[in-house]
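*Asks:* Task: produce atomic coordinates for the following.
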Amino acid sequence: MATADPIDFDSVEARIAVESVRCTAESIGVVSLDDEVAQTLSDELTFRLKHMIQESSKFSKHAKRQRLTTDDFDRALKQCNLEPLFGFRAGEFIPFRCASGGGREIHFLDDPEVELSDIISTPLPKLPVDVSVKAHWLAVDGVQPAIPENPPPSVLEELKRDVSGQHHSLKPSEGGNPPSLLVALGLAKKLNEKTSEGDSEKEGDKTRDGKRKGEKLLLDEKVKDYVTHEMSMEQQMYYKEVTNACVGMDEQKRNEAFQSLSQDTGLNQMLPRFSAFIAEGVKLSAVQKKPQMLVYLMKMVKSLLDNNSLYLEKYLHELTPAVITCTVSKHLCSPAQMASQWGLREQAAKILGQICRTFNNVTNNIQCRVTRMVWDVLMDDKSLLAQQYGAIAFLCDLGVDVCKVLLLPHLKSEGNLLQKAASQPVGTADRQSGDKLQTLILRFLPPILVAARPPPDNVEEYKEEYGLLGPALCERVVQMRTQQQQTQKQKERQQKVQPVNWNWPLHDQAKLLQQKQKQPVQESVVVQSQPQPQQMKVLTQQAVTPTGIGLHTQQKPQISTSSSARVTPPAALSTINFSDLS
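*Replies:* Presented below is the predicted three-dimensional model:
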């Protein structure tokens, strides 16, 4: 009797059967499906499924697992820029059921019918999150903060009791080394003393030896109590009043609160509360689209930055994301409040630039990281013009070098976006955003171009290099150069001709005139030269001091002369002695 050959499963090509495609089509209402279409769908599904399984197996091999899980398949979908399948988190194999009929076998999941009322009444589960690493403060200035990541006081007390019980139950060894737990707690010295004393006793005196061992094992173990950051009653009242005033409706109280935050020196202990308040407030206001509240919160950040007695580097992980949100977030206000977001974005961009300039160092490299994040928003084709407004305002605030490297080469593509926005009807959001963005560019970039490009300025060169914004930029640059030349000429003219200020004391005027004429300074008073000095009278006179001339006038000198006397130019002035004055 002949036996059947064994099946080589490796040689069998795994593919989606055409019948499975037809069955799926019938389940969604497609009854008549052509053979060619079914075969094409089968080939495409087979290829896609094999590709995803191959990518998923890479993750399982890197994890050194033999079993392929649904998490591996989700990671493969994410790697291929596809949306992952939510809801499949099975630790074991998914139980499929098999049903046969009509000469076909179908494998399916058991999907029982569920009442809609039960689904509505059931609370929603939490969305699955990926595994991530989060940093937190284990101790601040030697004190463990009260955050969920750190163990609560009850756990510390339980650990204390467990350690105490282990100490009492341990017996020291006859030959020597103390237990490792006692060594870790810093009790090795006492245990060594106890062990040496135990070795010196005789073996026959067990009662005496056991008593001494029991006394030595009762070690004084002191665990430091759990200390939290507590504020005094006055600080709690201050915190409540300041936060309510900053986001309240009273303008006077709000200005006083901002001034207090920027000048008071005793706010170090309340900085964690203020930073958490600002971070949570920005999240809530951004979701609710309240731009005015975001403006108040940004003013709080600005006030804290201006306070010279505070150092905010420990709290940048909360403040910086809040400021970035107000700078380049998509929607900060409702369509009816479009006009209120431009000042907010520009103010947040300036604050973000101040943070980068103040706290940037080799360790955190915050300026490079924030600039890269904002630059990604600017280069994203899906970003709104309002987001680009905040990004350009931030890059302009960083200085000339950043604008030369990042912003100026990007102006041509920015001009194309502004042209598309200008083609929209008047009053639309894109049209308003385009006008505001163009105004911002023409306000910040011409001074940078004046410093970066030497004259002369050619419109065609500007248009070729900067696109549609070239002519407007060239016009502004020419205006600025002309204004600078006029200002320079006026300064030179003022330096050449310096008029005499008659409100000065008379002896100071004499010194000035004699310095101009390169004559030595004399201790004398300048008056008009007349043939008869007896007819002249000075109305205000003071005593002569040892260090200089004491004759001064509190106003212009009034000199009474005869009819022949008249005021002459400074060149005709001469000096007379004090004896000639009456």
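*Asks:* the bottom helix or strand of the protein by mean pLDDT?
*Replies:* helix 180-184 (a mean of 37; mean pLDDT, DSSP states H and E).
*Asks:* For Asp43, which three-state class applies?
*Replies:* At Asp43 the chain is in helix, as set by DSSP: H, G, I helix; E, B strand; the rest coil.
*Asks:* Contacts only, for it.
*Replies:* Going by CB atoms under 8 Å, 6 or more residues apart in numbering, Asp43 touches Arg15. Glycine gets a C-beta too; all of them are placed from N, C-alpha and C.
*Asks:* separation between it and Lys50?
*Replies:* Plainly put, Asp43 is 11 Å away from Lys50 if you go by CB to CB, to the nearest Å.
*Asks:* same check, this time on Ile120
*Replies:* From Ile120 to Lys50 the distance is 40 Å (CB to CB).
*Asks:* And these two? Which one has more around it.
*Replies:* Lys50 (13 against 7; other CB atoms under 10 Å).
*Asks:* The more buried one - nearest residue in space that isn't next to it in sequence?
*Replies:* Residue nearest to Lys50 in three dimensions, not counting chain neighbours: Ala14, with 7.7 Å by CB to CB, 6 or more residues apart in numbering.
*Asks:* quick one: the one you found is in a helix?
*Replies:* No. Counting by three-state DSSP, Ala14 is not found in a helix; it is coil.
*Asks:* give me the number of residues near it?
*Replies:* 9.
*Asks:* same deal with the one 3 residues further on?
*Replies:* Ala17 is flanked by 12 other residues according to other CB under 10 Å.
*Asks:* excluding its backbone neighbours, what's nearest it?
*Replies:* Ser42 (6.8 Å).
*Asks:* Let me see the mean pLDDT of the helix or strand where Leu49 lies.
*Replies:* In this structure, Leu49 sits in helix 35-62 according to DSSP states H and E. Mean per-residue pLDDT for helix 35-62: 91.
*Asks:* OK, contacts around the residue nearest to Ala17?
*Replies:* Contacts of Ser42 (CB under 8 Å, 6+ apart): Arg15, Ile16, Ala17, Val18, Ser20, Val21.
*Asks:* Correct me if wrong: Leu418 contacts Leu437.
*Replies:* Yes. Using CB atoms under 8 Å, Leu418 is in contact with Leu437, at 6.4 Å.
*Asks:* one step back: list the buried ones in the helix holding Leu49?
*Replies:* Ala38, Leu41, Ser42, Met52, Glu55, Ser56, Phe59, Ser60 (16 or more other CB atoms under 10 Å).
*Asks:* Just give me the neighbour total for Gln389.
*Replies:* No, residue 389 isn't Gln; it's Tyr. Neighbours around Tyr389, by other CB under 10 Å: 24.
*Asks:* Show me what whichever strand or helix holds it is packed against.
*Replies:* Tyr389 is part of helix 385-398 when elements are defined by DSSP H and E. With contacts taken as 3 or more CB pairs under 8 Å, 6 or more residues apart in numbering; DSSP states H and E, helix 385-398 sits against helix 316-328, helix 341-359, helix 366-379, helix 411-422, helix 429-452.
*Asks:* I'd like the average pLDDT over that helix.
*Replies:* 90.
*Asks:* got the angle between the host helix or strand of Gln292 and helix 316-328?
*Replies:* For Gln292, the host element (DSSP H and E) is helix 291-306. Helix 291-306 and helix 316-328 are oriented at 130 degrees to each other (axes from the mean of the first three to the mean of the last three CA atoms, to 10 degrees).
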